[in-house]
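Chemist: Build me a model from this:
(4 chains)
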Amino acid sequence: MKDKKPKSVFKEGAITSDFIGNSIYKHQTKTSIGAHNIFLGQVRADEIDGKTVSAIEYTAYEDMANQKFHEIRESAFAKFDLTCMHIYHSLGTVKAGEICLFVFVSSPRRKVVFEALEFIVEAIKADVPVFGKEIFEDESHQWKVNS
Amino acid sequence: MKDKKPKSVFKEGAITSDFIGNSIYKHQTKTSIGAHNIFLGQVRADEIDGKTVSAIEYTAYEDMANQKFHEIRESAFAKFDLTCMHIYHSLGTVKAGEICLFVFVSSPRRKVVFEALEFIVEAIKADVPVFGKEIFEDESHQWKVNS
Amino acid sequence: MHINIKYFGQIAEITNTEEESLELNGRLVSELLEILNQKYNKLKSIDFQVAQNQELVSIETELTGAEIALLPPFAGG
Amino acid sequence: MHINIKYFGQIAEITNTEEESLELNGRLVSELLEILNQKYNKLKSIDFQVAQNQELVSIETELTGAEIALLPPFAGG
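Modeler: Down below sits the predicted model:
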């Protein structure tokens, strides 16, 4: 049931709720799983100096990013007793309210999924070369920085 | 955007992936949200003394359970900066591989959702009077105890 | 005192009912439990908590006449 | 030495290209950066990290001839 093979992490555009629902559905045949934990990053319509973010345009150093995703994946499987793990990140334009990051971990037991999910999300934020251009409603922009 | 009104937590039978996907979809109009965290409890086909669990039949002391869910909800909103919070728990029969618990928290920022979700799930496990009868394939049963 | 008692899960299996009413002379939860232990022999072998008016209480608690529930270990989620 | 350089995000905005090749006499990442700072004035005002062969390196690192990338702050998720 371990599921360690490298996957394509990047998806063009937003990650839809249908895609997420379907991904959950696919795990219902894996009856050793007792707990799933899902993180979703959603683009906020932040107001900055009176202007509102309408979308983020994501780019990445894709080769390095895929390598980093792979390392995060390997180290999560080494640290935690996970049955499955999936990561999807958007490239291109994702509008405010849409989902740009989907991280999904599953395990027989719940304690494991909480720790694993936070570890993975923090590693993605810190280590993966993805860049975000926040587009305002007037088409001006600024560059996003993770806090 | 705070969403504190009491809700019906119990649902008859399993919680479907469609229901979960739809619930995610509904949050895409809430553009102050930056992070969602979702916990799903799934019924495991545990093998116990050579017999395999095929389903769990859930019952509850419903009045007290709803009161406890309400208290958990209030204290989560008091402790954490949450935009929304939803809890659904199954009653009746949920087959192995199906989902019996769906907890969904959303916030502008990610650190909050990790802490809040774990707090809520642990409180549900410890404080809410829900009972689970593990049904084996030969129709014998045993009573589930949370660990 | 007239007490309404609810049984759940494995306890309801033992009592063979989910609810009953008892007329009681005693004052404490422990006195009610003594009566129930006599009525349902297997109850002694089971781990459970007692709720009065939907709040968990110790066996030294005074009965108020509110609903009593016998709750086996929780198994939510 | 022949070096292939990639630019991302805000850096690509400044360089106005996502990729270029340079012929270089220097030995260290810092020497490459000096040249780039001269070529692209605004680079000095920007916070960035350097990757060589897809791994972050310090400016004292020796150039190996592998691909160099100038990476502004990460913003994934």
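Chemist: Might you report the residue contacts of the nearest residue to residue A:44 once chain neighbours are set aside?
Modeler: Nearest residue to residue A:44, sequence neighbours excluded (CB to CB, 6 or more residues apart in numbering or on different chains): residue B:34, at 4.5 Å. C-beta here means a position set from N, CA and C on the backbone, and glycine is covered the same way. Contacts for residue B:34 (CB atoms under 8 Å, 6 or more residues apart in numbering or on different chains) come out as A:41-44, B:107-110.
Chemist: any idea which of those residues is the one closest to chain C?
Modeler: Distance to chain C across the contacts of residue B:34 (CB to the nearest CB) is lowest for residue B:107, with 21.6 Å.
Chemist: what pLDDT does the closest one get?
Modeler: pLDDT, residue B:107: 98.
Chemist: Residue B:117 is in contact with that one, correct?
Modeler: No: Residue B:107 is beyond contact range of residue B:117, at 10.0 Å (criterion: CB atoms under 8 Å).
Chemist: For those two, work out which one has more neighbours and name it.
Modeler: Each of residue B:107 and residue B:117 has its neighbours counted (other CB atoms under 10 Å in any protein chain shown); residue B:117 has more, 28 against 23.
Chemist: now the strands: where do they sit in the chain?
Modeler: With no chain named, the answer covers chain A. A:10-12, A:35-42, A:47-48, A:51-60, A:84-95, A:99-107, A:130-136, A:141-143 (DSSP state E).
Chemist: wrong chain, I was asking about chain C
Modeler: C:2-7, C:19-23, C:49-52, C:55-57, C:68-71.
Chemist: tell me the contacts of residue A:33?
Modeler: Residue A:33 touches A:27, A:83-84, A:106-108, B:42, B:44, counting by CB under 8 Å, 6+ apart.
Chemist: can you pull up the bridge partners for residue A:53?
Modeler: Beta-bridge partners for residue A:53, by DSSP bridges, are residue A:136.
Chemist: Residue A:58 now?
Modeler: With DSSP bridges as the rule, residue A:58 is bridged to residue A:92, residue A:132.
Chemist: Assess the claim that it and residue A:129 are in contact.
Modeler: No: Residue A:58 is not in contact with residue A:129 according to CB under 8 Å; the separation is 11.2 Å.
Chemist: what sits against the spatially most central residue of chain C?
Modeler: In chain C, the centroid-proximal residue (CA atoms, centre = their mean) is residue C:70; its distance is 3.8 Å. Neighbouring residues of residue C:70 by CB under 8 Å, 6+ apart: C:5-8, C:11, C:36, C:43, C:48-50.
Chemist: and what of residue A:55?
Modeler: By CB under 8 Å, 6+ apart, the neighbours of residue A:55 are A:43, A:93-96, A:134-135.
Chemist: can you count the residues close to residue 23?
Modeler: Picked chain A for this. Neighbours of residue A:23 using other CB under 10 Å come to 19.
Chemist: that's the wrong chain, I meant chain C
Modeler: 7.
Chemist: chain center to the helix-or-strand element of chain A with minimal mean pLDDT, what's the gap?
Modeler: Within chain A, no helix or strand scores below strand A:47-48, which has a mean of 92 by mean pLDDT, DSSP states H and E. Put simply, strand A:47-48 sits 24 Å off its chain's centre (CA atoms, centre = their mean, to the nearest Å).
Chemist: same check, this time on stretch A:97-115
Modeler: Distance, centroid of stretch A:97-115 to centroid of chain: 10 Å (CA atoms, centre = their mean).
Chemist: Just the buried residues of it, please?
Modeler: The neighbour-count check on stretch A:97-115 (16 or more other CB atoms under 10 Å in any protein chain shown) flags A:97-108, A:110, A:112-115 as buried.
Chemist: And it, end to end?
Modeler: Distance across stretch A:97-115, first residue to last, is 26 Å (CA to CA, to the nearest Å).
Chemist: Quick one, grab the pLDDT at the residue nearest the centre of chain A.
Modeler: Nearest to the geometric centre of chain A sits residue A:101, at 2.8 Å (CA atoms, centre = their mean). Residue A:101 is assigned 98 on the pLDDT scale.
Chemist: And residue A:71, how far from residue D:6?
Modeler: 20 Å (CB to CB, to the nearest Å).
Chemist: about what we covered before: got JSON lines for the strands of chain C, with mean pLDDT too?
Modeler: Shown next, in JSON lines, are the strands of chain C (pLDDT from 0 to 100):
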{"stretch": "strand C:2-7", "mean pLDDT": "97"}
{"stretch": "strand C:19-23", "mean pLDDT": "95"}
{"stretch": "strand C:49-52", "mean pLDDT": "98"}
{"stretch": "strand C:55-57", "mean pLDDT": "97"}
{"stretch": "strand C:68-71", "mean pLDDT": "98"}
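Chemist: Same list (the ones you listed) but as a markdown table, adding distance to residue A:75.
Modeler: As requested, those are exported to a markdown table (distance: least, CB to CB, whole Å):
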| stretch | distance to residue A:75 |
| --- | --- |
| strand C:2-7 | 49 |
| strand C:19-23 | 54 |
| strand C:49-52 | 42 |
| strand C:55-57 | 42 |
| strand C:68-71 | 42 |
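Chemist: Please identify the most buried of those.
Modeler: Comparing these by mean neighbour count (mean count of other CB atoms under 10 Å in any protein chain shown), strand C:68-71 ranks first with a mean of 23.
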